[in-house]
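Novice: what's the 3D shape of this:
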Amino acid sequence: MLKFHFLLFFFAFKIAFCLPAPYVTRISCGAQNDVRSSPTNTLWHKDFGYTGGIRTKANRPSYITPPLDTLRYFPRSEGPDNCYNIDKVPHGHYSVRIYFGLVKEPSFDNEPLFDVSVEGTLVYSLPSGWSNHDERAFVETLVFLENGTTSLCFHSTGHGDPAILAIEIQEVDEKAYYSGPGFGRGTIFRTSKRLSCGDQNPKFDVDYNGDRWGGDRFWSSIMTFGQNSDKPISTKSTIKSASVAPNFYPQALYQTALVSTDNDPDLTHTIEVDPNKNYSVWLHFAEIDPSVTDVGQRVIDISINGNIVYLDIDIVRIAGGVNSALVLNTTIPVSGRILTITLHPTTGTHAIISAIEIFEVIPVESKTLPEEVKSLQSLKLALGLPLRFGWNGDPCFPQQHPWSGVDCQFDNSSNKWVIDGLDLDNQGLRGFLPDDVSQLRHLQSINLSGNNIHGPIPSALGTITSLEKLDLSYNSFNGSIPESLGELTSLLTLNLNGNLLSGKIPAALGGRLLHRASFNFTDNAGLCGIPGLPTCGPHLTVGAKIGIGLGACVAVVVIATCITCWWKRRQNILRAKRMAVRDAPYAKKRTHLNHIQMTRHHHNGHHHEHTRTAVENGPPLLV
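Specialist: The predicted structure follows:
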């Protein structure tokens with residue numbers, strides 16, 4: 001027996017201390033250093049490398065906002081859509097909270113209005129007056145994150161610049177707020193209302209880091225649940241169990257409750273909501289009323305907007321005893337702006353409740369094909385797209401905020417959104433068109449006319465078989481027209497006029513002119529090969545052109561070498577002649593003297609004397 005208890009203790013210790021801690025990251029937007037906030041000394045990481053925008057000082061709009069002094073705002077000049085992209089977030093179920101602030105400068109609009117999306121799904125539109133209401137100064141969602149990243153985007157609506165004070169991403173239990181088959185994968189829960197029944201004060205910050213799957217949540221206090229003055233009950237009893245995700249809910253939530261009065265045994269509460277939406281309603285109970293000690297002493301019916309959703313709820317029986325938690329959940333479609341919850345006792349004289357949570361159920365939007373998003377990001381860099389375009393987040397969603405110049409359609413085969421049109425004409429673009437554009441394989445129309453895009457036309461465009469219109473007119477494209485464009489059998493409009501193109505028009509394109517296609521190749525001085533353009537010379541392949549070019553280069557080098565050698569030889573000859581002319585008189589004199597000396601040495605004796613006499617006296621007389 002002792003051994004058994006030891007093993008039990010060992011496994012309990014191992015489970016308690018070896019399980020990985022839940023992932024959590026908190027970002028103090030605009031902060032240049034890590035900061036800690038009171039009263040819980042919570043760590044908020046510095047804001048670096050997540051997004052664009054501008055850092056500045058912050059005004060906190062309400063007491064529930066974390067006590068942080070900086071924020072990041074996004075001026076309209078940086079585009080209508082700006083995102084925080086947070087990497088290395090493990091797969092799991094998360095509570096994502098975004099806090100809003102006010103720029104601490106009198107020249108700024110003190111209350112910007114904008115939309116917020118999580119993973120491409122619009123979850124919140126800030127209402128007018130949000131900075132004066134505690135529950136509107138932040139948005140909280142429960143969402144499954146599966147791609148290793150989190151994208152939180154802020155969409156301008158024309159009234160002020162979005163300003164973000166802080167972001168918190170905290171992992172919660174996989175089964176927390178489990179609402180049935182398919183739970184979580186196709187929906188996002190956005191917190192609409194939390195009520196802590198019987199509390200004197202709101203319960204914000206009561207469980208900061210308080211339990212394994214917890215986190216700070218804002219619970220409004222409620223003391224007037226019905227028309228009459230209701231009776232609050234509080235207790236310090238330990239809550240033993242809960243029927244749904246017991247580790248997620250703080251025990252303090254069940255230590256207070258509201259009990260109806262003798263004059264009005266029903267408990268009724270009305271909550272204002274947005275119309276034409278579905279709401280997930282969570283009702284928390286714990287039988288902490290000392291007057292109820294056993295099963296069957298209190299049984300209640302629960303109705304929402306006049307429809308009974310739960311019959312004969314005996315808290316003690318379902319929860320397994322007194323001081324035990326019970327959580328009930330149902331989803332209700334609401335067409336109007338009011339959601340009314342009524343608790344009616346059928347056994348006993350009073351109804352009781354500990355807390356209420358109401359979440360708006362938001363369908364998760366289908367995303368754009370990842371390879372097409374990547375291609376657009378490459379195109380953004382290659383074309384030097386101005387900041388005012390934004391192009392952040394998902395190109396097609398939220399539907400209210402698609403990327404400027406991008407057209408989308410839903411692809412049933414992949415169950416994703418795809419890009420079927422690019423319209424970026426006359427935008428002052430100065431880059432080049434990358435080969436990655438071929439990844440946009442669902443494109444039907446491309447219009448990049450009236451810019452200053454340079455470089456060759458990518459031959460990869462010929463792989464976009466769905467392309468019907470290609471307008472690259474009035475740019476600075478150079479080189480030849482790719483042969484691959486002739487393979488676009490769906491192409492009806494091709495405008496390449498007003499560029500620097502050269503070479504022969506591909507034969508396949510020339511032949512298409514007779515099949516109701518509209519092609520324009522004018523204002524390209526180097527193009528040839530179809531009626532209306534100059535006649536082309538012998539058609540040379542690219543290899544032949546390269547060979548001719550190399551041969552011409554070699555010939556130039558040989559000719560230059562020959563000319564250099566000839567010039568040097570000629571210089572040597574001229575130098576020799578000049579030296580000969582300069583030395584001629586001296587050479588002639590030397591030759592004459594040598595001749596005289598040689599003559600004198602040749603004669604001797606009488607002959608020598610005779611010769612000298614003859615020379616001196618002149619020729620002899622003839623006898």
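
Novice: Show me the helices in the stretch 301-450 of the chain, by range?
Specialist: 315-319, 370-382 (DSSP state H, counting those that start in this stretch).

Novice: same check, this time on the stretch 451-600 of the chain
Specialist: For the stretch 451-600 of the chain, the helices defined by DSSP H, counting those that start in this stretch occupy 507-512, 542-602.

Novice: Which of those helices has the lowest mean pLDDT?
Specialist: Among those, helix 542-602 has the lowest mean pLDDT, at a mean of 65.

Novice: Now render the helices of the stretch 301-450 of the chain as JSON lines, adding mean neighbour count and distance to residue 81.
Specialist: To be clear about C-beta, it is placed using only N, CA and C from the backbone, and glycine gets the same treatment. Output for the helices of the stretch 301-450 of the chain, formatted as JSON lines (neighbours: other CB atoms under 10 Å; distance: least, CB to CB, whole Å):
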{"stretch": "helix 315-319", "mean neighbour count": "20", "distance to residue 81": "47"}
{"stretch": "helix 370-382", "mean neighbour count": "17", "distance to residue 81": "12"}
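
Novice: Please identify the buried residues of stretch 311-331?
Specialist: Neighbour counts over stretch 311-331 (16 or more other CB atoms under 10 Å) mark 313-317, 319, 322-330 as buried.

Novice: For residue 334, give me its contacts.
Specialist: Residue 334 makes contact with 273, 275-279, 305 under the criterion CB atoms under 8 Å, 6 or more residues apart in numbering.

Novice: what's across from residue 97 in the sheet?
Specialist: residue 140, residue 168 (DSSP bridges).

Novice: Ignore what I typed, I meant residue 55.
Specialist: For residue 55, the beta-bridge assignment (DSSP bridges) gives partners residue 72.

Novice: I figured it hits residue 32, correct?
Specialist: Yes. Judged on CB atoms under 8 Å, residue 55 makes contact with residue 32 at a distance of 7.3 Å.

Novice: what touches both of these two?
Specialist: Shared contacts of residue 55 and residue 32 (CB under 8 Å, 6+ apart): residue 47.

Novice: Pick out whichever of the two has more residues nearby.
Specialist: Set residue 55 next to residue 32 and count neighbours by other CB atoms under 10 Å: residue 55 wins out with 14 against 11.

Novice: want to throw the helices of the stretch 301-450 of the chain into JSON lines with mean pLDDT and distance to residue 99?
Specialist: Shown next, in JSON lines, are the helices of the stretch 301-450 of the chain (pLDDT from 0 to 100; distance: least, CB to CB, whole Å):
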{"stretch": "helix 315-319", "mean pLDDT": "93", "distance to residue 99": "35"}
{"stretch": "helix 370-382", "mean pLDDT": "94", "distance to residue 99": "28"}
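
Novice: now these in a markdown table, with distance to residue 127?
Specialist: Output for the helices of the stretch 301-450 of the chain, formatted as a markdown table (distance: least, CB to CB, whole Å):
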| stretch | distance to residue 127 |
| --- | --- |
| helix 315-319 | 36 |
| helix 370-382 | 31 |
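
Novice: So which of the ones you listed is nearest residue 105?
Specialist: Residue 105 lies closest to helix 370-382 among these, at 30.8 Å (CB to CB).

Novice: From the contact counts, what lies against the closest one?
Specialist: strand 416-423 (3 or more CB pairs under 8 Å, 6 or more residues apart in numbering; DSSP states H and E).

Novice: I'd like the average pLDDT over the strand it packs on.
Specialist: Confidence over strand 416-423 (mean pLDDT, whole number) is 95.

Novice: contacts for that strand?
Specialist: If you take CB under 8 Å, 6+ apart as the criterion, strand 416-423 is touched by 366-369, 372, 376, 379, 395-397, 405-411, 440, 442-448, 466.

Novice: Out of the residues you listed, name the ones that lie in strands.
Specialist: Of the contacts of strand 416-423, the ones assigned to strands by DSSP state E are 406-411, 445-447.

Novice: Just the buried ones from these?
Specialist: 406-408, 411, 445-447.

Novice: Of those residues, which is the nearest to residue 556?
Specialist: Nearest member of these to residue 556, counting by CB to CB, is residue 446, at 42.0 Å.
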